[in-house]
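Visitor: okay, predicted coordinates and the sequence, questions at the end:
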Amino acid sequence: MLNAFLFSFNAIMPMILLMTLGYYLRSKGFFSASVLKEMNHFAFYYCIPSLMFTNVYVLDGLQDIPIKLMAFVLISLVLLTLSGLFIALYSTNKSSQRGVLVQMSFRSNYAIVGAAMAASLGGTAGEAISATLQAPSILYFNIVAVLFLTIFSEDNARKINIPNICRSIITNPLILAQIFAIACLAIRGILPLNTAGKPIFTIANNVPWFFSFIKSLAKISSPFVFVLLGAQVRFSSVKNMKKLLTLGNLLRLILAPFLGFISYYLATHFNFLTASPAIVSALLALYGSPSPAVAAVMAEEMNCDGELARQCVIWSTVFSMLTLMLWAIFFRMINWL
């Protein structure tokens with residue numbers, strides 16, 4: 001129990017401190033509204049896409065992704081999305097808030113919390129599974145988030161504009177970055193090998209200055225976005241969105257893991273998947289992690305309720321220290337971990 005709490009605390013506390021720093025700097029006048037808007041654009045178009053690219057590109061190859069497990073993960077994420085859509089439609093009449101709630105149902109901070117959490121609970125096997133699932137799951141996060149944030153944006157509140165939705169998906173910088181990384185992996189896999197057994201060309205080895213540039217942007221992405229998130233939040237608005245904020249956190253921290261692991265139980269019961277502590281650790285990181293800061297950045301950029309998204313990210317991050325510990329304890333009690 002203590003180990004589970006210490007892991008949750010050590011993984012989540014840096015994020016809370018970064019958000020606190022952003023809030024403090026804004027209160028001292030370091031950031032104006034116009035500066036924060038430009039910083040939001042910088043994060044959305046440069047930093048976060050670099051992170052998305054490197055998260056995929058560092059994989060050894062597409063062949064490392066377990067097909068059955070990937071199929072299960074994608075099906076379970078669709079289930080979470082449909083559940084979130086159903087709840088969002090009956091929870092609020094405001095279109096821009098519906099998009100945020102749907103995103104909370106399926107999108108977790110898997111890129112940052114995932115590998116570390118899976119390694120802590122499932123060892124090297126858990127870390128390896130978590131790493132291979134990041135590419136398909138985060139690509140799903142981005143595509144489906146763009147889809148619903150576009151559908152429920154204030155621009156499309158009265159009608160669904162199919163061409164606009166398609167344009168939003170194919171021009172989204174996060175999606176483009178991941179597609180480019182997947183293309184690089186595919187090309188790397190078909191290139192001939194040199195005498196050392198390595199592909200004759202890779203970006204990391206043959207264009208190291210460019211890869212270092214991308215990695216540098218990726219490294220600052222997470223702390224930059226959390227500071228930005230803290231600087232933009234308004235705690236005075238919490239009282240006006242208590243119901244939706246509570247619902248968003250329940251979706252992210254309770255309902256998503258519950259439905260995800262019900263699906264996992266059925267998949268193992270019918271022999272689609274083999275039960276494994278390593279898989280459970282990776283799935284707990286996928287289903288149970290808090291909402292990522294990029295969810296708030298995307299909501300703001302795509303004309304949805306950015307303030308609700310920011311509040312959901314902050315409070316899901318805070319409460320996840322408790323819920324991740326409780327989920328880990330529960331799974332150890334039933335011998336899944």
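Guide: Great, that's in hand. Numbers count the residues shown, from 1 in each chain.

Visitor: tell me the mean pLDDT over the host helix or strand of Ala186?
Guide: For Ala186, the element it lies in under DSSP states H and E is helix 173-190. Mean pLDDT, helix 173-190: 89.

Visitor: that helix packs against which elements?
Guide: If you count contacts as 3 or more C-beta pairs under 8 Å, 6 or more residues apart in numbering; DSSP states H and E, helix 173-190 packs onto helix 48-57, helix 115-151. The C-beta positions use only the backbone N, C-alpha and C, and glycine is treated the same way.

Visitor: report the inter-axis angle for the following helix or strand past the last one versus helix 173-190.
Guide: So that's helix 115-151. Going down the chain from helix 115-151, the next helix or strand is helix 162-170, by DSSP H and E. Orientation of helix 162-170 against helix 173-190 (axes from the mean of the first three to the mean of the last three C-alpha atoms, to 10 degrees) gives an angle of 60 degrees.

Visitor: for Gln178, grab the count of nearby residues.
Guide: Neighbours of Gln178 under the rule other C-beta atoms under 10 Å: 25.

Visitor: again, but for the one 5 residues further on
Guide: Number of residues near Ala183 (other C-beta under 10 Å) recorded here: 11.

Visitor: mind checking how far it is from Tyr46?
Guide: 20 Å (C-beta to C-beta, to the nearest Å).

Visitor: can you list the weak-confidence ranges in the protein?
Guide: Scanning the chain for pLDDT under 70 picks out the ranges 1-4, 7, 61-64, 115, 156-160.

Visitor: surely Gln232 is in contact with Leu36?
Guide: Yes: with contacts counted by C-beta atoms under 8 Å, Gln232 reaches Leu36, the gap being 5.7 Å.

Visitor: whatever helix or strand Phe86 lives in - contacts with which helices or strands?
Guide: Following DSSP H and E, one finds Phe86 within helix 67-91. On a contact count with 3+ C-beta pairs under 8 Å, 6+ apart, helix 67-91 meets helix 95-106, helix 115-151, helix 242-250, helix 256-269, helix 277-288.

Visitor: what comes into contact with it?
Guide: 97-99, 101-106, 129, 133, 136-137, 140, 144, 148, 243-244, 247, 251, 255-256, 259-260, 263-264, 267, 272-273, 279, 283, 286-287 (C-beta atoms under 8 Å, 6 or more residues apart in numbering).

Visitor: mind putting the helices and strands packed on helix 67-91 into a markdown table with distance to Ala196?
Guide: A markdown table is the format used below for the helices and strands packed on helix 67-91 (distance: least, C-beta to C-beta, whole Å):
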| stretch | distance to Ala196 |
| --- | --- |
| helix 95-106 | 41 |
| helix 115-151 | 23 |
| helix 242-250 | 50 |
| helix 256-269 | 40 |
| helix 277-288 | 31 |
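
Visitor: residues near Pro173, how many?
Guide: Pro173: 16 neighbours (other C-beta under 10 Å).

Visitor: so how far is Val100 from it?
Guide: Pro173 sits 20 Å away from Val100, taking C-beta to C-beta as the criterion.

Visitor: do Phe331 as well
Guide: For Phe331 relative to Val100 (C-beta to C-beta), the value is 29 Å.

Visitor: quick one: which of these two has more around it?
Guide: Neighbours per residue (other C-beta under 10 Å) separate Phe331 from Val100, with Val100 holding more: 32 against 20.

Visitor: higher neighbour count, Gln232 and Leu36?
Guide: Taking neighbours as other C-beta under 10 Å, Gln232 and Leu36 compare with Gln232 leading, 23 against 16.

Visitor: report the contact partners of the more buried one.
Guide: Contacts of Gln232 by C-beta under 8 Å, 6+ apart are 22, 26, 36, 40, 296, 300, 306, 310.

Visitor: run the last query once more with 6 Å
Guide: 36, 310 (C-beta atoms under 6 Å, 6 or more residues apart in numbering).

Visitor: equivalent analysis for Pro208, please.
Guide: Pro208 neighbours (C-beta under 6 Å, 6+ apart): none.

Visitor: that one and Ala71, how far apart?
Guide: 36 Å.

Visitor: please apply the same query to Ser96.
Guide: On the measure of C-beta to C-beta, Ser96 and Ala71 end up 33 Å apart.

Visitor: brilliant, that's me finished.
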